[in-house]
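Trainee: Whatever this is, show me its structure:
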Amino acid sequence: MKNAGIITFDTHTEAEEAVKELQKSGFDMKKLSIIGKDYHTEEDVVGYYNTGDRVMKWGKFGAFWGGLFGLLFGSAFFFIPGLGPIMIAGPFVSTIIGGLEGAVIVGGLDALGAALYSIGIPKDSIIKYETAIKSDKFLLVVHGSMDEITNAKSILKNIGHDLEVHSA
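Mentor: From the prediction side, this is the model:
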């Protein structure tokens with residue numbers, strides 16, 4: 001059984017606040033992923049490196065990603081044709097790596113779409129989430145049992161956000 005909850009945020013500040021609220025409520029940080037574009041109009045990315053579960057990266061949202069990488073486990077930077085540069089923190093990193101291999105098999109979806117599909121997200125929702133990423137929004141993905149997803153939904157609802165639940 002694959003379960004995921006996804007919420008879209010307009011700004012990195014909103015996404016970070018939601019992650020911190022989940023952390024404060026005792027939610028397992030190993031079950032959260034953040035996905036977003038990282039435009040570099042003010043600074044050029046020099047690179048990034050991974051030391052254990054921490055990443056240092058230079059770019060416009062460096063402090064945002066650095067803070068999240070300190071809370072979430074696993075991180076990666078991908079360039080996905082059609083979407084551009086994508087930063088991911090959390091367990092979704094391993095899912096998207098699998099999506100890179102499975103994208104051709106899953107009806108022509110790109111790597112992000114194939115990865116979302118592999119965790120039980122329906123194709124119509126995948127289009128919505130990819131459009132959000134293209135529009136410079138951020139996705140928070142909650143992984144886990146239905147009880148964990150329901151708990152996260154309740155925590156986020158208390159701060160005015162609605163988690164969309166998907167189960168396969």
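
Trainee: What is the host helix or strand of residue 35 packed up against?
Mentor: Element membership of residue 35 [criterion: DSSP states H and E] is strand 32-37. Counting contacts by 3 or more Cβ pairs under 8 Å, 6 or more residues apart in numbering; DSSP states H and E, strand 32-37 packs against helix 12-24, strand 84-89, helix 92-102, helix 123-134, strand 138-143. Every C-beta, even on glycine, is put in place using the N, C-alpha and C of the backbone.

Trainee: partners of the second one, with directions?
Mentor: Applying DSSP bridges to the sheet, strand 84-89 is found paired with strand 32-37 (antiparallel), strand 75-80 (antiparallel).

Trainee: from the chain's centre, how far out does the last one sit?
Mentor: A distance of 11 Å separates the centroid of the chain from that of strand 75-80, by Cα atoms, centre = their mean, to the nearest Å.

Trainee: for it, which positions count as buried?
Mentor: 75, 76, 77, 78, 80 (16 or more other Cβ atoms under 10 Å).

Trainee: C-alpha coordinates for the strand holding residue 35, CSV please?
Mentor: Extracted as CSV, the C-alpha positions of strand 32-37 are listed here (Å, rounded to 0.1, in the frame of the first residue of the first chain):
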residue,chain,number,x,y,z
LEU,A,32,8.7,14.4,4.6
SER,A,33,10.0,15.6,1.3
ILE,A,34,10.2,19.0,-0.3
ILE,A,35,10.3,19.6,-4.0
GLY,A,36,10.9,22.9,-5.7
LYS,A,37,12.7,24.9,-8.3
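
Trainee: Next, the angle helix 123-134 makes with it.
Mentor: Calculated by axes from the mean of the first three to the mean of the last three Cα atoms, to 10 degrees, strand 32-37 forms an angle of 60 degrees with helix 123-134.

Trainee: could you check the angle helix 12-24 makes with strand 32-37?
Mentor: 170 degrees.

Trainee: average model confidence for strand 32-37?
Mentor: In this model, strand 32-37 carries a mean pLDDT of 89.

Trainee: Next, the angle from it to strand 138-143.
Mentor: Going by the same axes, to 10 degrees, strand 32-37 makes 150 degrees with strand 138-143.
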